[in-house]
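Trainee: Build me a structure from this.
(one chain, ligands or ions: 1)
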Amino acid sequence: VRRGLLPHVVGRHIRSLTVHQPQLRELIDVASLRRRLMGQHILGVRRRAKYLLFDLSADSTLMVHLGMSGRLGIVPTQRQRRLHDHLIIELDDGHALCLNDARRFGLVCCFARDDELAHRRLRHLGVEPLDPAAFTAAWLQARTRGCKKPIKNYLMDATHQVGVGNIYACEALFAARIHPVRAAGRLSAQRCARLVEAVVTVLREAIELGGTTLRDFANVDGAAGFFAPRLQVYGRTGQACLSCGGPIRRLVQAGRSTFFCPGCQH
Ligand SMILES: [Zn+2]
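Mentor: Take a look at the predicted model:
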């Protein structure tokens, strides 16, 4: 989403803010948000975990989280409002940034950039898996020592590393041939190296496929051409493993479904 937005928003000037539905995950303080956004230039868009961070000219940060169903798209300013269009930021080029969110778990807020590191939603976040200097095999091995939790649960804990959701955790463990129940603290150096590589590969592939998100927004009903086509294990209970032909199994860990191949993952 960040990559898709960049060419449309960087350098643009914010003309107005319209909030049709302030009650998202948290109630939007519309007056405060408008005061912070009005007249600002968008200097860049960064991402931290699943938060989009828009750098504004007044040393402030506009933070957006898409929750479960949120979509952020570029639409013509004159476009008729559609169902679930909750927030519209009008830009100076005839387009607007529009947040559409059927389930309203999304989040929008704006704060001084100096407060970013200490922000309650950002300060506990772990390393970025796509930061090659931070997410390394040596780091993973050191970090997991003494951890008795299953590696699947460890992977999904954003205080260690961010962005590895349930689908990606399952797919990465399959790619690394590691059993999801194996204790995180007992992974060998080789397994840590395989897992780091697998997580990075799975996330990169998902990001490449997700590049269509912005286009999909144009036809709002179009289900995103997400990650689904290349799933090896996720949601494939009972189907043949694409590697060994054995049946994919499902189990529940920390309340979430885990899909794995008992033949390939040890
Ligand atoms: Zn298999």
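Trainee: ok, and for stretch 149-164, which residues are buried?
Mentor: Within stretch 149-164, the residues scored as buried using 16 or more other C-beta atoms under 10 Å are 149-157, 160-164. C-beta here means a position set from N, CA and C on the backbone, and glycine is covered the same way.
Trainee: Any idea which of the residues you listed the model trusts least?
Mentor: Note: of the buried residues of stretch 149-164, the lowest pLDDT belongs to Gly163, at 92.
Trainee: what distance separates the start and the end of stretch 141-153?
Mentor: By C-alpha to C-alpha, to the nearest Å, the extent of stretch 141-153 from end to end equals 15 Å.
Trainee: ok, residues contacting it?
Mentor: Stretch 141-153 is touched from outside by 154, 157, 160, 169-170, 173, 178, 180-185, 187, 189, 192, 195, 253-254, 258, with contacts defined as C-beta atoms under 8 Å, 6 or more residues apart in numbering.
Trainee: picking up where we left off before, considering the buried residues of stretch 149-164, which is situated nearest to the ion?
Mentor: Ranked by distance to the ion (C-beta to the ion), the buried residues of stretch 149-164 are led by Lys152 at 16.7 Å.
Trainee: What distance do you get for the nearest residue to that closest one once chain neighbours are set aside to Thr159?
Mentor: Closest residue to Lys152 apart from its sequence neighbours, by C-beta to C-beta, 6 or more residues apart in numbering: Pro180 at 3.8 Å. Distance, Pro180 to Thr159, using C-beta to C-beta, to the nearest Å: 19 Å.
Trainee: before we move on, what about Glu26?
Mentor: Distance, Glu26 to Thr159, by C-beta to C-beta: 21 Å.
Trainee: hmm, back to that, out of the contacts of stretch 141-153, which end up buried?
Mentor: Buried residues within those, counting neighbours by 16+ other C-beta under 10 Å: 154, 157, 160, 169-170, 173, 178, 180, 182, 184, 187, 192, 195, 253, 258.
Trainee: Go through those and say which is closest to Gly70.
Mentor: Ala169 (21.7 Å; C-beta to C-beta).
Trainee: For the closest one, give me the backbone phi and psi.
Mentor: For Ala169, the backbone dihedrals (degrees, to the nearest 10) come out as phi -60, psi -50.
Trainee: List the contacts of it.
Mentor: So Ala169 contacts Lys152, Leu155, Met156, Pro180, Thr258 (C-beta under 8 Å, 6+ apart).
Trainee: For the residue nearest the centre of the chain, which non-adjacent residue is spatially closest?
Mentor: Nearest residue to the geometric centre of the chain (C-alpha atoms, centre = their mean): Lys50, 3.6 Å. Closest residue in space to Lys50, ignoring its immediate chain neighbours: His65 at 6.1 Å, by C-beta to C-beta, 6+ apart.
Trainee: tally of neighbours for the nearest residue to Val162 once chain neighbours are set aside?
Mentor: Residue nearest to Val162 in three dimensions, not counting chain neighbours: Ala49, with 3.7 Å by C-beta to C-beta, 6+ apart. Neighbour count for Ala49, taken as other C-beta atoms under 10 Å: 15.
Trainee: got the residue ranges for the strands in the chain?
Mentor: All strands of the chain, identified by DSSP state E, fall at 14-19, 42-48, 51-56, 60-65, 70-76, 85-91, 95-101, 107-112, 249-253, 256-260.
Trainee: The third one: partners in the sheet, and parallel or antiparallel?
Mentor: In its sheet, strand 51-56 lies beside strand 42-48 (antiparallel), strand 60-65 (antiparallel), with partners assigned from DSSP bridges.
Trainee: Take these and write them to CSV, including mean neighbour count, mean pLDDT and distance to the ion.
Mentor: Listed next are the strands paired with strand 51-56 as CSV, based on neighbours: other C-beta atoms under 10 Å; pLDDT from 0 to 100; distance: least, C-beta to the ion, whole Å:
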stretch, mean neighbour count, mean pLDDT, distance to the ion
strand 42-48, 16, 97, 33
strand 60-65, 21, 97, 35
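Trainee: Quick one: the ones you listed as a markdown table, columns for distance to Arg123 too.
Mentor: Formatted as a markdown table, those follow (distance: least, C-beta to C-beta, whole Å):
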| stretch | distance to Arg123 |
| --- | --- |
| strand 42-48 | 11 |
| strand 60-65 | 13 |
